[in-house]
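Undergrad: Next input, structure requested:
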Amino acid sequence: MAEKPAPRILVLDDEPFMLKLLSHMLAKLGFAQVTICGSAHAALEWFDSPGNYPDLILLDLNMPEMDGIEFVRHLVDLHYKGCLILISGEGERMLQAVVKLVQAHKISVLGHLHKPVTPEKLATLLDKWSPPSQSKPQIASKPYSADEVRAAIANGELVNYYQPKVAVATGCVVGVETLVRWHHPHDGVVFPGQFIAVAEAHGLIDDLTRVVLTGALAQTRVWQDAGLTLRVAINVSMGNLDSLDFADFVAGQVAMAGIPPHMVVLEVTESQLMEDPRVPLEIMTRLRMKRIRLSIDDFGTGHSSLAQLRDMPFDELKIDQSFVLGAWNNKTLRAMFDASLGLAKQLKMEAVAEGVEDQDDWDFLRKTECDIAQGFFIGKPMHAASLPDWINSWQIRLQKEFVTTP
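TA: Now for the predicted structure:
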């Protein structure tokens, strides 16, 4: 395999000592195409010359006249497509806020470094750089109309996929989350981000959810008859909780499928504020009385908050993936994760961590004694027919790789 080319690097810092130090480090690490600038204005003037376009910028945030954040705004105007490494003496939370801001501008951030910078940490971030892909640019998500979504529901084009959920303590597969996909006759597989909001905005979410729910319950019964007992989770929105007959519909479908009610979980995502909480509260309370489980999804984001935990009878808390991924190595995320997990334990709720992407995330959950985990590291959403084989392969993988004490 050919070695990747070295990036063209711009070092921007107002301190002459830091410029010399970083230049020396980069030279020792083998990077020859390095330009240094002592101010943001000088860097922008350098950009004006043809051919002066760095692949990577080491950017100091605290500079007089024009700070690093202002400089990023100019990079946006220049349609900069390279990467940044942020350098500052600011605290961790401040640096993370800047990373989020830069990423919101669609500029890649390899990471951030605290002063004084060490060669080891700089080398670690530089190793993350890779040349820009030569593949064709991705086409923007195609918008779909309410009529198209309505036809998809009517024509049976919605297909349920299932993502495994495992007990962290034992690794045993305890359930699945149902994730709907649209098998479009011309566009292939369409993900829910392209049609759920349309369904919610045009009064179609109730029909969509009912199709997903009945399909998931029927599949769960098939697994149950084959000796595979799994708890099945189905996503519902606040729009589903506007109809007083929803609780009876769900309970009736569960009974018709012959599934124990406690094996059904409704994951509630509050994508919009409740104008009148009385109807959703009545529906959710009745569902719990019927022994159907309720989960607050994406906890800590959007409108899923402490107020909902106070008012609604949830018995499961899903810790959002933005608080899970990388929390083992991030003090801010760790604090938020610990707070969410501690809250769940104090309220005697089951805690589910989503977004488990790698071994570090998995090991972190085992150490914190979280209850349940799901994510690509464990298993991606899959067709129902693929689940039994996946379970067999997961059990083999568990024995080979993960038999360790937390």
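Undergrad: Retrieve the pLDDT associated with residue 112.
TA: On the pLDDT scale, residue 112 is placed at 89.
Undergrad: What strand or helix carries it?
TA: strand 108-114 (DSSP states H and E).
Undergrad: contacting residues around the most centrally placed residue in the chain?
TA: Closest residue to the average C-alpha location of the chain: residue 321 at 4.5 Å, with CA atoms, centre = their mean. Residue 321 makes contact with 354-355, 375, according to CB atoms under 8 Å, 6 or more residues apart in numbering. In short, each C-beta sits where N, CA and C put it, glycine included.
Undergrad: Need the buried ones from those selected in PyMOL.
TA: Those of the contacts of residue 321 that count as buried under 16 or more other CB atoms under 10 Å are selected in PyMOL with:
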select buried, resi 354+355+375
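Undergrad: From the contacts of residue 321, pick the one nearest residue 63.
TA: residue 355 (35.3 Å; CB to CB).
Undergrad: Which ones among the contacts of residue 321 map onto strands?
TA: residue 354 (DSSP state E).
Undergrad: what number of residues lie near residue 48?
TA: Residue 48 has 8 neighbours, counted by other CB atoms under 10 Å.
Undergrad: do the one 10 residues further on as well
TA: Residue 58: 28 surrounding residues under other CB under 10 Å.
Undergrad: Doesn't it belong to a strand?
TA: Yes. Under DSSP: H, G, I helix; E, B strand; the rest coil, residue 58 falls within a strand.
Undergrad: what sits against it?
TA: 9-13, 22, 84-85, 87.
Undergrad: picking up where we left off before, residues in contact with the strand holding residue 112?
TA: So strand 108-114 is contacted by 56, 82-89, 95-96, 98-99, 102-103, 121-122, 124-126, 128-129 (CB under 8 Å, 6+ apart).
Undergrad: Report the inter-axis angle for that strand versus strand 56-60.
TA: 40 degrees (axes from the mean of the first three to the mean of the last three CA atoms, to 10 degrees).
Undergrad: and strand 108-114, which strands flank it?
TA: Looking at strand 108-114 with DSSP bridges, its partner strands are strand 83-88 (parallel).
Undergrad: Can you name the next helix or strand after the strand it pairs with?
TA: Immediately after strand 83-88, counting by DSSP H and E, sits helix 92-104.
Undergrad: mind exporting that following helix as CSV, just the C-alpha atoms?
TA: This file holds the C-alpha atoms of helix 92-104, laid out as CSV (Å, rounded to 0.1, in the frame of the first residue of the first chain):
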residue,chain,number,x,y,z
GLU,A,92,-11.4,21.9,27.9
ARG,A,93,-15.1,23.0,27.7
MET,A,94,-14.2,26.1,25.8
LEU,A,95,-12.1,24.1,23.3
GLN,A,96,-15.0,21.6,22.8
ALA,A,97,-17.4,24.5,22.2
VAL,A,98,-15.0,25.8,19.4
VAL,A,99,-14.8,22.3,17.9
LYS,A,100,-18.5,22.2,17.7
LEU,A,101,-18.7,25.6,16.1
VAL,A,102,-16.0,24.7,13.5
GLN,A,103,-17.8,21.5,12.7
ALA,A,104,-21.1,23.4,12.3
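Undergrad: From the contact counts, what lies against it?
TA: helix 68-77, strand 83-88, strand 108-114, helix 331-346 (3 or more CB pairs under 8 Å, 6 or more residues apart in numbering; DSSP states H and E).
Undergrad: most packed of those?
TA: With neighbours taken as mean count of other CB atoms under 10 Å, the helices and strands packed on helix 92-104 reach their highest mean count in strand 83-88, at a mean of 23.
Undergrad: can you give me the angle that one makes with helix 92-104?
TA: Using the same axes, to 10 degrees, strand 83-88 lies at 160 degrees relative to helix 92-104.
Undergrad: just to revisit the earlier point, quick check: the residue nearest to the centre of the chain vs residue 170, distance?
TA: Noted for residue 321: a distance of 22 Å to residue 170, by CB to CB, to the nearest Å.
Undergrad: what does residue 40 give?
TA: For residue 40 relative to residue 170 (CB to CB), the value is 54 Å.
Undergrad: ok, back up a step: filter the contacts of strand 108-114 down to the buried ones.
TA: Buried members of these, counted by 16+ other CB under 10 Å: 56, 82-88, 95-96, 98-99, 102, 122, 125-126, 129.
Undergrad: Between the contacts of residue 58, which sits nearest residue 194?
TA: The closest of the contacts of residue 58, once distances to residue 194 are taken by CB to CB, is residue 84, at 30.0 Å.
Undergrad: close enough to count as contact, the closest one and residue 56?
TA: Yes. If you go by CB atoms under 8 Å, residue 84 and residue 56 touch, sitting 7.5 Å apart.
Undergrad: What's the end-to-end length of stretch 217-235?
TA: 13 Å (CA to CA, to the nearest Å).
Undergrad: could you give the mean pLDDT of it?
TA: Here the average pLDDT along stretch 217-235 is 97.
Undergrad: So what's the gap between that stretch and the chain middle?
TA: From the chain centre to the centre of stretch 217-235 is a distance of 26 Å (CA atoms, centre = their mean, to the nearest Å).
Undergrad: For it, list every residue counted as buried.
TA: 217, 219-220, 223-224, 230-235.
Undergrad: Widest-spaced pair of the residues you listed?
TA: Among the buried residues of stretch 217-235, 224 and 235 lie farthest apart (CB to CB), at 21.0 Å.
Undergrad: now the helices and strands packed on helix 92-104 as a markdown table including distance to residue 209?
TA: Output for those, formatted as a markdown table (distance: least, CB to CB, whole Å):
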| stretch | distance to residue 209 |
| --- | --- |
| helix 68-77 | 39 |
| strand 83-88 | 41 |
| strand 108-114 | 37 |
| helix 331-346 | 25 |
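Undergrad: For the helix or strand containing residue 400, which helices and strands make contact with it?
TA: Secondary structure from DSSP H and E places residue 400 in helix 387-401. Under the contact definition 3+ CB pairs under 8 Å, 6+ apart, helix 387-401 sits against strand 158-167, strand 173-184.
Undergrad: Of all those, which one comes closest to residue 116?
TA: That would be strand 158-167 among these, by CB to CB, at 42.6 Å.
Undergrad: Name the residues of that closest one that come out as buried.
TA: In strand 158-167, residues buried by neighbour count (16+ other CB under 10 Å) are 158, 160-166.
Undergrad: which among the contacts of residue 58 gets closest to residue 200?
TA: residue 84 (36.1 Å).
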